[in-house]
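**Student:** Make a model of this:
(one chain, ligands or ions: 2)
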Amino acid sequence: MAAAAARSQFVVVGGGIAGVTCAQKLAVEFPAEDIFLMTASPVIKAITNFKQVSKTLEEFDIEEQPSSLLEKQYPNIKVIQSEVKRLKSEEHKIFTEDGKEYIYEKLCLCAGAKPKLIFEGNPYVLGIRDTDSAEAFQKNLAQAERIVVVGNGGIALELVYEIEGCEVIWAIKDKAIGNTFFDAGAAEFLIPKLTAEKQETAIACKRTKYTVEGREKKERPIAESDKLGSALGPDWHEGLHLKGTKEFSHKVHIEILCEVKKILLQQEFIQLQRTSLTFPKKEKNVEPDEVLWPIYVELTNGKIYGCNFIVSATGVVPNVKPFLDGNNFSLGEDGGLKVDKHMHTSIPDIYAAGDICTASWEPSPVWHQMRLWTQARQMGWYAAKCMAADTLGESIDLDFSFELFAHVTKFFNYKVVVLGKYNAQGLGLDHELLLRCTKGQEYVKVVMQNGRMMGAVLIGETDLEETFENLILNQMDLSAYGEDLLNPNIDIEDYFD
Ligand SMILES: Cc1cc2nc3c(=O)[nH]c(=O)nc-3n(C[C@H](O)[C@H](O)[C@H](O)COP(=O)(O)OP(=O)(O)OC[C@H]3O[C@@H](n4cnc5c(N)ncnc54)[C@H](O)[C@@H]3O)c2cc1C
Ligand SMILES: NC(=O)C1=CN([C@@H]2O[C@H](COP(=O)(O)OP(=O)(O)OC[C@H]3O[C@@H](n4cnc5c(N)ncnc54)[C@H](OP(=O)(O)O)[C@@H]3O)[C@@H](O)[C@H]2O)C=CC1
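**Tutor:** Ligands and ions are numbered 1, 2, ... in the order given. Prediction:
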């Protein structure tokens, strides 16, 4: 006879930041209930040293921990380490890889996302998502002389700066680097850092910090390589030695306005060279190759580069397949589970948070979703609050953290703060930009619309984030200040605080 299904009022799927935060909050709200946290990975991600540094900017450390530690800290959380294979939402049932069944009253799906790889399945194309894929990347890099990085977002920006001793061909679709965070002006400000020798000391910066519990002690449980691990986060590369076989620091060549058309094996490349009369010419500033490479990348601009392997840093796709197949979830354009302003999916009693979901409520004019560590935490926490409110029949307002988009991070060893509609996203042509830039030191851009501040990019130690956060939140009419808003001789902080 099959074992009876275990029951819990609250089940959370996913041991990343969204799932763990959700389970923790539920455990505190309902101390008499068992909270089931199901995860495919043997380790969970936990936030430590959380600090609210301003109204919307937050600072915390991340630790990869054994699940036993979470159960010790929260005795009513039961971690079930088994991949969820199937959901039968009409029966409120979950089926795990180890053959067990679980019945939930309320379920929160926090299964994250996975890299959206170009040429998926090609063994020379690597993605970076979790600790295991990062370690696999490091191992390959240690043998490499040249790699091609494709993509222009967060991971690519971090990689091209961090990699040493290996030539990098960076292929981007856009005209300027870092399209997900910057405009061409900010990109121009950052570029010299790619050609300079790398500074040894990292700047102190208010940002989240990623640590792996026990990495130094070599105690971290090793996830099986086909298991779905949690996403890495800030400073993920700190513990890794990202070095190729050469002795130089940076050697980055950027190919703009192109994508990868084809990947050729060495044999295919040789064949192409023999047969093609119109064989594409090499880029002038790339050394003629004396060696044969394991793989060749043909770009849409006609150039071909040989390399050891390719990193596809081309975004993520929410983890909804295959375990949610057969349920009729409404999906967003990006493939995420659509959630309303109470983190409900389209199926009763099922909530979602973090990278797996697509925020589908009418957002504040200065907030948008981005798949980031901070939003995973905020959504996990708020989803638990919504589950609690629904259970207790209470009403709940959208959390304040969704009032303003705020992200603090570090690129090219600069502190970077992005606020609101920092790239004038969705503002059309009806906006103006104010700029202040001191080469090598700071880059400040604000986005104004009808005299109101709608967004800002702050690179360097500007100390302007709290003031600008307030100005965006209170939508004060700043028309009278004109360009003086960024006048370095005016102490703007005293003015507006
Ligand atoms: C290299 C890298 C660098 C990054 N850097 C930053 C940064 O500097 N700042 C920032 O804000 N964000 C950064 N991010 C993004 C950030 O890491 C993610 O947005 C965030 O971690 C998402 O959290 P999550 O809990 O939604 O998903 P995840 O962390 O992906 O967790 C998903 C969890 O679900 C589990 N799971 C998946 N499928 C199943 C299943 N079928 N059954 C059971 N369990 C399942 C997984 O094992 C995992 O535990 C980075 C991401 C990467 C990859
Ligand atoms: N410091 C931080 O805050 C960091 C955050 N992250 C987060 O981790 C997640 C994964 O990072 P990442 O993979 O860099 O994803 P991102 O979404 O940040 O960037 C993906 C990039 O790849 C481009 N792209 C998409 N498809 C193709 C294609 N077929 N060919 C060429 N380029 C393509 C995108 O262009 P387009 O936008 O035009 O589609 C975009 O420039 C993201 O959510 C990111 O925000 C990661 C690292 C650091």
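
**Student:** so what's Lys262 closest to, chain neighbours aside?
**Tutor:** Nearest residue to Lys262 in three dimensions, chain neighbours excluded: Glu298, at 4.2 Å (Cβ to Cβ, 6 or more residues apart in numbering). Yep, even glycine has a C-beta here, placed from its N, CA and C like the rest.

**Student:** Name every strand pairing with the host helix or strand of that neighbour and say which way it goes.
**Tutor:** Per DSSP states H and E: Glu298 is located in strand 295-299. Here strand 295-299 has these sheet partners by DSSP bridges: strand 260-265 (antiparallel), strand 304-307 (antiparallel).

**Student:** Leu141: which of those is closest?
**Tutor:** Of all these, strand 304-307 sits nearest to Leu141, with 11.6 Å by Cβ to Cβ.

**Student:** tell me the mean pLDDT over the closest one?
**Tutor:** Per-residue pLDDT values over strand 304-307 give a mean of 95.

**Student:** in it, what's buried?
**Tutor:** Residues of strand 304-307 classed as buried: Ile304, Tyr305, Gly306, Cys307 (neighbour count, 16 or more other Cβ atoms under 10 Å).

**Student:** could you measure the first one against Glu145, distance?
**Tutor:** Same thing as Ile304. Going from Ile304 to Glu145 by Cβ to Cβ, to the nearest Å gives 17 Å.

**Student:** so how many other residues sit close to Lys173?
**Tutor:** 14 (other Cβ atoms under 10 Å).

**Student:** So it lies in a helix, does it not?
**Tutor:** No: Lys173 is assigned coil when assessed by DSSP: H, G, I helix; E, B strand; the rest coil, not a helix.

**Student:** which one is it nearest to, not counting chain neighbours?
**Tutor:** Once flanking residues are discounted, Lys173 sits nearest to Glu259: 5.8 Å by Cβ to Cβ, 6+ apart.

**Student:** how does this structure divide into domains?
**Tutor:** According to automatic domain parsing, the chain comprises the domains 6-112+316-402, 117-202+238-312, 421-496.

**Student:** returning to that earlier point: if we take the buried residues of strand 304-307, which one ends up nearest to Trp170?
**Tutor:** The closest of these, once distances to Trp170 are taken by Cβ to Cβ, is Tyr305, at 10.6 Å.

**Student:** Identify the residue spatially nearest to the closest residue to ligand 1 within the stretch 251-400 of the chain, adjacent ones excluded.
**Tutor:** Of all residues in the stretch 251-400 of the chain, the one sitting closest to ligand 1 is Gly354 (2.3 Å; Cβ to the nearest ligand atom). Distances taken as Cβ to Cβ, 6+ apart put Ala18 closest to Gly354, at 2.7 Å, once the chain neighbours are dropped.

**Student:** before we move on, what about Asp477?
**Tutor:** Gly451 is the one closest to Asp477 (Cβ to Cβ, 6+ apart), at 4.8 Å.

**Student:** Equivalent analysis for Phe405, please.
**Tutor:** What sits nearest to Phe405 in space, not counting adjacent residues and going by Cβ to Cβ, 6+ apart, is Trp367, at 4.8 Å.

**Student:** Show the subsequent helix or strand relative to the longest helix seen in the chain.
**Tutor:** The single longest helix within the chain, with elements called by DSSP state H, is helix 373-392. Following helix 373-392 in sequence order, the next helix or strand is strand 406-411 (DSSP H and E).

**Student:** May I have the phi/psi pair for Leu419?
**Tutor:** Here is the backbone geometry of Leu419 (degrees, to the nearest 10): phi -130, psi 140.

**Student:** Now it: closest residue in space that isn't a chain neighbour?
**Tutor:** Nearest non-adjacent residue to Leu419, counting by Cβ to Cβ, 6+ apart: Ala456, 4.6 Å away.

**Student:** This protein against ligand 1: which residues are in contact?
**Tutor:** For the chain, the contact set with ligand 1 under Cβ under 6 Å from any ligand atom comprises 13-19, 38-41, 45, 83-84, 110-113, 128-129, 154-155, 228-234, 236, 319, 323, 354-355, 371-374, 376, 409.

**Student:** rewinding a little: give the burial count for the residue nearest to Gly354, as a bare number.
**Tutor:** Around Ala18 there are 33 residues (other Cβ under 10 Å).

**Student:** again, but for Gly335
**Tutor:** Using other Cβ under 10 Å, Gly335 is surrounded by 16 other residues.

**Student:** circling back: what secondary structure does the residue nearest to Leu419 sit in?
**Tutor:** Reduced to three states by three-state DSSP, Ala456 is strand.

**Student:** Pick out the residue in the protein sitting closest to ligand 2.
**Tutor:** Residue nearest to ligand 2 within the chain: Gly153 (1.9 Å; Cβ to the nearest ligand atom).

**Student:** check whether stretch 261-277 contacts ligand 2.
**Tutor:** No: on the criterion Cβ under 6 Å from any ligand atom, stretch 261-277 is out of touch with ligand 2, staying 10.3 Å away.

**Student:** now the strands for the stretch 1-150 of the chain?
**Tutor:** For the stretch 1-150 of the chain, the strands defined by DSSP state E, counting those that start in this stretch occupy 6-13, 35-39, 43-52, 58-66, 77-81, 84-88, 93-96, 101-109, 113-115, 125-126, 146-150.

**Student:** most neighbours per residue, which of those?
**Tutor:** Each of the strands of the stretch 1-150 of the chain was scored by mean neighbour count; the highest is strand 35-39, a mean of 26, by mean count of other Cβ atoms under 10 Å.

**Student:** And that one, what does it pack against?
**Tutor:** Counting contacts by 3 or more Cβ pairs under 8 Å, 6 or more residues apart in numbering; DSSP states H and E, strand 35-39 packs against strand 6-13, helix 17-29, helix 67-73, strand 77-81, strand 101-109.

**Student:** can you redo those as JSON lines with distance to ligand 2 and mean pLDDT?
**Tutor:** As requested, the helices and strands packed on strand 35-39 are exported to JSON lines (distance: least, Cβ to the nearest ligand atom, whole Å; pLDDT from 0 to 100):
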{"stretch": "strand 6-13", "distance to ligand 2": "20", "mean pLDDT": "95"}
{"stretch": "helix 17-29", "distance to ligand 2": "12", "mean pLDDT": "97"}
{"stretch": "helix 67-73", "distance to ligand 2": "24", "mean pLDDT": "95"}
{"stretch": "strand 77-81", "distance to ligand 2": "25", "mean pLDDT": "97"}
{"stretch": "strand 101-109", "distance to ligand 2": "18", "mean pLDDT": "97"}
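
**Student:** Among those, which comes closest to Asp349?
**Tutor:** Closest to Asp349 of the helices and strands packed on strand 35-39 is strand 101-109 (Cβ to Cβ; 5.2 Å).

**Student:** Lys303 versus Gln266, what's the distance?
**Tutor:** Counting by Cβ to Cβ, the gap from Gln266 to Lys303 is 17 Å.

**Student:** which parts of the protein sit against ligand 2?
**Tutor:** So far as Cβ under 6 Å from any ligand atom goes, the chain lies against ligand 2 at 118, 150-156, 158, 173, 179-180, 259, 313-316, 370-372, 409.

**Student:** Return the members of those classed as buried.
**Tutor:** Buried subset of the residues of the chain next to ligand 2 (neighbour count, 16+ other Cβ under 10 Å): 118, 150-156, 158, 179-180, 313-316, 371-372, 409.
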